[in-house]
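In: here's my sequence, what's the structure:
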Amino acid sequence: MAEELRRTGLYDLHVAKGARMVPFAGWEMPVQYPMGVMQEHLHTRAHAGLFDVSHMGQVIVIPQDNKLETAALALERLIPADVLGLAEGRQRYGLFTNDRGGILDDLMFANRSDHYLLVVNAACADQDIAHLRTLAGVDIRPITDRGLLALQGPEAAPVLARLIPDTAGMRFMDSRSLDWQGSELWISRSGYTGEDGFEISVPQDRLTSFAEALLAQPEVAPIGLGARDSLRLEAGMPLYGHDMDETITPAEAALGWSIPKIRRTGGARAGGFPGAGRILPELADGPAAARRGLRPGTRAPIREGVPIFAQQDGADPIAQVTSGGFGPSVGGPIAMARIDPQIPAGTTLYAELRGKYLPVTVTELPFITPSYKR
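Out: The predicted structure follows:
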C-alpha cells in the first residue's frame with residue numbers, strides 16, 4: 001500500500017493558485033504553477049519568488065543546564081563546524097557526518113540566545129532527530145506547529161520590509177525573531193537560490209495569511225520545486241541525495257569550506273565528530289574526485305546519471321552527472337559531477353547521451369554570480 005503523503009499548511013493555497021502537485025520526500029508539494037518552471041525561475045532572478053518549504057524539518061536544541069555552551073559542544077560532536085563560535089543572532093551551514101566520513105544530511109543552525117534552531121532536509125528529518133537524540137545534556141524538540149517559507153530574489157528585501165520593517169537591516173545569515181501582526185516569526189536572511197532573500201518560520205495558524213500577504217505584493221509570485229531546483233543548480237549548490245549522500249565525504253562534495261580551521265587537524269577543537277579520521281586527512285591532502293561544474297557544448301541537457309568520459313571513444317567513464325538540467329538564467333544546459341580536481345577548468349570531456357558522445361567543458365562553480373546581502 002502506497003504511503004500517504006503529508007501536506008503542508010499551504011496545500012489549499014497551492015491548489016487555488018493552480019499548482020501541479022507531486023510527491024516529494026513523503027509530502028505533496030507544488031512542482032510548478034501556471035507561469036511554468038522557466039518563467040518562475042526568471043521571475044525569482046528578476047523580482048521575488050515565494051517558496052513553501054514547510055516540509056523541511058525544524059528542530060530546537062536546548063541545553064539542560066541552561067548553558068548554551070553545553071548545547072554548542074554537544075552539537076560539535078555530530079557537526080564538523082564551529083558551533084561554539086557562532087554569535088547570537090547568526091546562522092551557519094553545517095553537515096551531519098557518519099563514521100565512514102559520509103554526509104548524513106546538510107543543515108542550517110542558528111544561535112537563538114538560549115538554544116539552537118536547526119533546519120534539516122525533509123527526507124532526512126526523522127533520521128536527523130534520532131541522531132540528535134543520541135547527544136547527552138540537551139533536549140531535542142522537533143517543531144510541529146510552524147511552517148517555513150522562503151522569499152527569494154533581488155526584490156525580496158523591500159517586499160518583506162513593507163510587512164516587517166526591521167528586516168531591512170538584517171545581513172546575510174542574520175537570524176532574528178520579529179513580530180508580524182502579533183505573531184512571532186523566526187527570520188533568517190538566507191536561502192538556496194543564489195539570490196538575496198529570507199527563510200521565515202511562521203506559526204501554523206498564521207501561515208496562510210502571511211503567505212497571502214506576501215503574494216499580494218506586486219513583485220511576488222509563487223514558485224514550485226522545479227524552479228527551486230534550477231535556481232540552486234545555477235548557484236552551484238548541492239542537493240542532498242544527489243550531489244552528496246552517506247557515501248560522499250565533505251571534500252568530495254566540495255563542502256570542505258563548511259569545516260573551519262578550528263575543527264581541522266591542528267585546530268583547537270580538531271576532530272571529535274563522526275568520520276574525522278577520514279574527513280580531516282582528505283581535507284588536507286585533497287580528494288581523488290570533487291564536485292565540479294560542467295557546461296555542455298550543445299543545447300541538450302545532461303541529467304543525473306549520465307556518464308562522463310575523458311575521451312570521445314567511450315572508454316571507461318571517469319565520472320557520472322549528479323545534477324543536471326537547463327539553466328534559464330545561464331541560457332543553456334548545466335550540470336555537476338565529481339571529477340578529478342587536477343583536471344583544469346576549460347578542459348573538454350564527453351557525456352554519453354543516447355549513444356552519442358557530446359562535448360562538455362569543466363567549469364568553475366557557481367554558474368551565476370550570487371547576490372547575497374553582505
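
In: C-alpha only now, for contacts and for neighbours.
Out: Noted.

In: geometric centre of the protein: which residue is closest?
Out: Centroid-nearest residue in the chain: Tyr192, 5.1 Å away (criterion: C-alpha atoms, centre = their mean).

In: wait, it touches Gly236, no?
Out: No - at 9.8 Å, Tyr192 and Gly236 do not qualify as touching, with contact defined as C-alpha atoms under 8 Å.

In: now for the spatially closest residue to the residue nearest to the centre of the chain that is not a sequence neighbour, which secondary structure element holds it?
Out: Closest residue in space to Tyr192, ignoring its immediate chain neighbours: Arg232 at 5.7 Å, by C-alpha to C-alpha, 6 or more residues apart in numbering. Assigned by DSSP states H and E, Arg232 belongs to helix 225-234.

In: now that helix - C-alpha only, PDB.
Out: Coordinates of each C-alpha in helix 225-234 appear next as PDB, following Å, rounded to 0.1, in the frame of the first residue of the first chain:
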ATOM      1  CA  LEU A 225      10.100  22.800  -6.800                       C
ATOM      2  CA  GLY A 226      11.000  22.800 -10.500                       C
ATOM      3  CA  ALA A 227      12.400  26.300 -10.400                       C
ATOM      4  CA  ARG A 228      13.800  25.800  -6.900                       C
ATOM      5  CA  ASP A 229      16.000  23.000  -8.400                       C
ATOM      6  CA  SER A 230      17.200  25.000 -11.400                       C
ATOM      7  CA  LEU A 231      17.900  28.100  -9.300                       C
ATOM      8  CA  ARG A 232      20.100  26.100  -6.800                       C
ATOM      9  CA  LEU A 233      21.800  24.300  -9.700                       C
ATOM     10  CA  GLU A 234      22.800  27.600 -11.300                       C
END
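
In: next helix or strand past that helix?
Out: As assigned by DSSP H and E, the chain's next helix or strand after helix 225-234 is helix 276-285.

In: can you give me the angle the helix or strand that that next one is followed by makes with helix 225-234?
Out: Using DSSP H and E, the helix or strand that follows helix 276-285 in sequence is strand 290-296. Here the directions of strand 290-296 and helix 225-234 differ by 110 degrees (axes from the mean of the first three to the mean of the last three C-alpha atoms, to 10 degrees).

In: strand 290-296: how far from the chain's middle?
Out: Strand 290-296 has its C-alpha centroid displaced from the chain centroid by 18 Å (C-alpha atoms, centre = their mean, to the nearest Å).

In: mean confidence for that strand?
Out: Strand 290-296 shows a mean pLDDT of 98.

In: how about stretch 247-261?
Out: The average pLDDT within stretch 247-261 is 98.

In: and it, what's buried?
Out: By neighbour count with 16 or more other C-alpha atoms under 10 Å, stretch 247-261 contains the buried residues Ile248, Thr249, Pro250, Ala251, Glu252, Ala253, Ala254, Leu255, Gly256, Ser258, Ile259.

In: over to stretch 360-372?
Out: Val360, Thr361, Val362, Thr363, Leu365, Pro366, Phe367, Ile368, Tyr372.

In: contacts for stretch 321-328, please.
Out: Stretch 321-328 is contacted from outside by 38, 41-42, 230-231, 233-234, 242-243, 301-308, 332-338, using C-alpha atoms under 8 Å, 6 or more residues apart in numbering.

In: next, the contact list for Thr347, please.
Out: Going by C-alpha under 8 Å, 6+ apart, Thr347 touches Thr361, Val362.

In: what secondary structure does Glu352 sit in?
Out: Three-state call for Glu352 (DSSP: H, G, I helix; E, B strand; the rest coil): strand.

In: need the pLDDT of the nearest residue to it once chain neighbours are set aside.
Out: Spatial nearest neighbour of Glu352, excluding adjacent residues (C-alpha to C-alpha, 6+ apart): Pro307 at 5.9 Å. What the model reports for Pro307 is a pLDDT of 97.

In: separation between Ala74 and Ile339?
Out: For Ala74, the distance to Ile339 equals 35 Å [C-alpha to C-alpha, to the nearest Å].

In: ok, how many other residues are close to the residue nearest to Gln204 when sequence neighbours are not counted?
Out: Distances taken as C-alpha to C-alpha, 6+ apart put Arg146 closest to Gln204, at 4.5 Å, once the chain neighbours are dropped. Using other C-alpha atoms under 10 Å, Arg146 has 19 other residues around it.

In: same question for the one 10 residues further on.
Out: A count of nearby residues for Ala156, using other C-alpha under 10 Å, gives 23.

In: that one against Gly197, yeah?
Out: Yes - contact between Ala156 and Gly197 holds when scored by C-alpha under 8 Å: they sit 5.5 Å apart.

In: what is in contact with these two at once?
Out: Here Ala156 and Gly197 have no joint contacts, going by C-alpha under 8 Å, 6+ apart.

In: re the thing from before, next step: the contacts of stretch 321-328 restricted to strands.
Out: Mapping the contacts of stretch 321-328 onto strands (DSSP state E) picks out Pro307, Ile308, Gly332, Pro333, Ile334, Ala335, Met336, Ala337, Arg338.

In: could you dump those to CSV with distance to Arg269 and neighbour count?
Out: CSV is the format used below for the ones in strands among the contacts of stretch 321-328 (distance: C-alpha to C-alpha, whole Å; neighbours: other C-alpha atoms under 10 Å):
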residue, distance to Arg269, neighbour count
Pro307, 40, 21
Ile308, 39, 28
Gly332, 44, 16
Pro333, 42, 22
Ile334, 38, 30
Ala335, 36, 27
Met336, 33, 30
Ala337, 32, 27
Arg338, 29, 23
